[in-house]
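Undergrad: coordinates only, no sequence provided:
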């Protein structure tokens, strides 16, 4: 833990002291999520939120399947400015009209104009959606599959670190030490099917055997373009690693078999030109100690099937048709998105590759923006695993708001 703290302090202290307050280059695109918008407000008490209601209808040749209708999430942001330098932000989410979660709850203190200290329940800054997940900010009723299977949104953990903007170079940065993913809590949490997703501790009675380090930089100094690079490095948590005698090598070896090393890297880009927009992401996760983990967490005589590497990407294009006409304030945006992910990109010698974990998804549809804070969406998704003969199909529709 001390080495991580020293590393963070070294990074922050080496930020050039000559970064003077300037307005960002007007050519760049700096995106702000709800929490960041609240931090810019001058009032004492700040209130905001977003919500979305979804309809999902599977299509099948052989049988009629019932659809689902769901208040997927209703979110309230509550923040308070103690002073111009010290602020608090919280995000309270109701999912599926019954589940209550806290998605953010952090204190921010401005040290200089380019350095902020943050501590509390923080979003892990991997990819686009994990930070910019308001329904008015992305196309499609559901979030991209890459952002739920590989960057496991909404991913948040308790931690602390630094964030800020280096305005002369149009660079936004974040660097945090956070609690790690839960990999073993009396049983295996990770597997090939869901990857690391079930390991999110979400700040709920989370336990800590070793912290993780995560960070992101976003460059917005090129006209109409925003580029992000993100990373995560740590070891999964295991309750077997607690209260171990230092001289008991047998117990230490057993406990070590219940933990996995995790190294994730991601890159994303967003480009806008008048009514045209492109965005894309790519992720790669390398996992160590998977052979020992899969053997230790086997069920009966069957080993667990967590892969050694996971890989995925998507590319999306969209165009606002109403840009062709004058005096139309709304936006009508047809889009198409191609996604691929494989949670068995690489496996250890004791694990067989499962082609069901290698998937392609094509999503195409329409987004109608009534204004910048209210949208109506519809799309159709085609999904196919490498083991399947044909694509499965789902029609989705929904509404979304942000305020």
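TA: Noted; the coordinates are in hand. As the structure is a computational prediction, the values presented were derived from the model and not from experiment.
Undergrad: parallel or antiparallel, list what pairs with the helix or strand residue 398 falls within.
TA: Element membership for residue 398 (DSSP states H and E) is strand 392-402. As defined by DSSP bridges, the strand partners of strand 392-402 come to strand 45-59 (antiparallel), strand 374-385 (antiparallel).
Undergrad: nearest to residue 193, of those strands?
TA: When the strands paired with strand 392-402 are compared by C-beta to C-beta, strand 374-385 sits nearest residue 193, at 11.3 Å. For glycine as for every other residue, the C-beta is placed from the backbone atoms N, C-alpha and C.
Undergrad: give the buried residues for that closest one.
TA: For strand 374-385, burial by neighbour count (16 or more other C-beta atoms under 10 Å) applies to 374, 375, 377, 379, 381, 383, 385.
Undergrad: that strand - what's its average pLDDT?
TA: In this model, strand 374-385 has a mean pLDDT of 98.
Undergrad: try stretch 358-367
TA: Mean pLDDT, computed over stretch 358-367, is 98.
Undergrad: now that stretch, how far from the chain's geometric center?
TA: On the basis of C-alpha atoms, centre = their mean, to the nearest Å, stretch 358-367 sits 18 Å off its chain's mean C-alpha point.
Undergrad: before we move on, what about stretch 128-144?
TA: That offset, for stretch 128-144, works out to 10 Å (C-alpha atoms, centre = their mean).
Undergrad: what's the first-to-last distance across it?
TA: Taking C-alpha to C-alpha, to the nearest Å, the first and last residues of stretch 128-144 lie 10 Å apart.
Undergrad: show me where pLDDT drops low in the stretch 301-403 of the chain?
TA: The model of the stretch 301-403 of the chain has no residue with pLDDT under 70.
Undergrad: residue ranges for the strands of it, please.
TA: Applying DSSP state E, counting those that start in this stretch to the stretch 301-403 of the chain gives strands spanning 309-319, 331-346, 358-371, 374-385, 392-402.
Undergrad: check which residues of the first one are buried.
TA: What it means is strand 309-319. Neighbour-count burial for strand 309-319 [16+ other C-beta under 10 Å]: 309, 310, 311, 312, 313, 314, 316, 317, 318, 319.
Undergrad: as TSV, the residues you listed with distance to residue 125 would be great.
TA: Formatted as TSV, the buried residues of strand 309-319 follow (distance: C-beta to C-beta, whole Å):
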residue	distance to residue 125
309	22
310	19
311	20
312	18
313	18
314	18
316	20
317	25
318	24
319	29
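Undergrad: between these, which is nearest residue 357?
TA: residue 310 (8.8 Å).
Undergrad: state the distance from the closest one to residue 345.
TA: As for residue 310, its distance to residue 345 is 6 Å (criterion: C-beta to C-beta, to the nearest Å).
Undergrad: go on, residue 171?
TA: Residue 171 sits 31 Å away from residue 345, taking C-beta to C-beta as the criterion.
Undergrad: got it, and residue 255?
TA: 27 Å.
Undergrad: cool, and residue 139?
TA: 26 Å.
Undergrad: more crowded one of these two?
TA: Set side by side, residue 139 and residue 345 show more neighbours around residue 139, with 23 against 18, by other C-beta atoms under 10 Å.
Undergrad: how much space separates that one from residue 384?
TA: 21 Å.
Undergrad: give me every residue that touches the residue nearest to residue 320 when sequence neighbours are not counted.
TA: Spatial nearest neighbour of residue 320, excluding adjacent residues (C-beta to C-beta, 6 or more residues apart in numbering): residue 275 at 3.6 Å. Contact analysis of residue 275 by C-beta atoms under 8 Å, 6 or more residues apart in numbering lists 319, 320, 321, 322, 323, 324.
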